[in-house]
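Undergrad: Make a model of this:
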Amino acid sequence: MEPNLRRCVVCRQIAPKQIFWRIVRVYPSQTVQLDQGMGRSVYLCQNHDCLAIAKRKNSLGRSLKKEIPPEIHQTLEARLKAQIL
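TA: You can find the predicted model right below:
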């Protein structure tokens with residue numbers, strides 16, 4: 001069976017979806033959250049470069065057509081620091 005592939009919104013790398021972070025604009029509430037929920041979603045590599053570019057260029061907000069709360073970026077940065085340690 002083929003793996004479930006996804007593409008990073010920043011670097012455009014294609015890989016199995018398990019190695020990405022998932023950011024979701026939940027339907028119908030239009031709230032933005034991490035990892036779960038049904039609605040429009042984008043995927044982001046779990047590395048510092050992609051996270052920094054996504055924050056600087058607002059890649060997540062443009063892809064989801066919704067403003068990304070600062071808490072989402074803070075949570076992703078905390079996850080990245082936890083992985084390093």
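Undergrad: Please give me every residue in contact with residue 14.
TA: Counting by Cβ atoms under 8 Å, 6 or more residues apart in numbering, residue 14 touches 5, 6, 7. (Each C-beta comes from the backbone N, C-alpha and C, glycine too.)
Undergrad: try it again with 7 Å
TA: Residues near residue 14 by Cβ atoms under 7 Å, 6 or more residues apart in numbering: 5, 7.
Undergrad: Could you measure from it over to residue 3?
TA: Look at residue 14 and residue 3: by Cβ to Cβ, to the nearest Å, they are 10 Å apart.
Undergrad: Give me the residues contacting the host helix or strand of residue 24.
TA: For residue 24, the host element (DSSP states H and E) is strand 20-26. Contact with strand 20-26 is made by 6, 8, 32-35, 37-46, 60, 64, 66, 72, 76, as judged by Cβ under 7 Å, 6+ apart.
Undergrad: 6 Å instead, please
TA: Residues lying outside strand 20-26 but in contact with it, judged by Cβ atoms under 6 Å, 6 or more residues apart in numbering, are 6, 32-33, 35, 37, 39-44, 46, 60, 64, 66.
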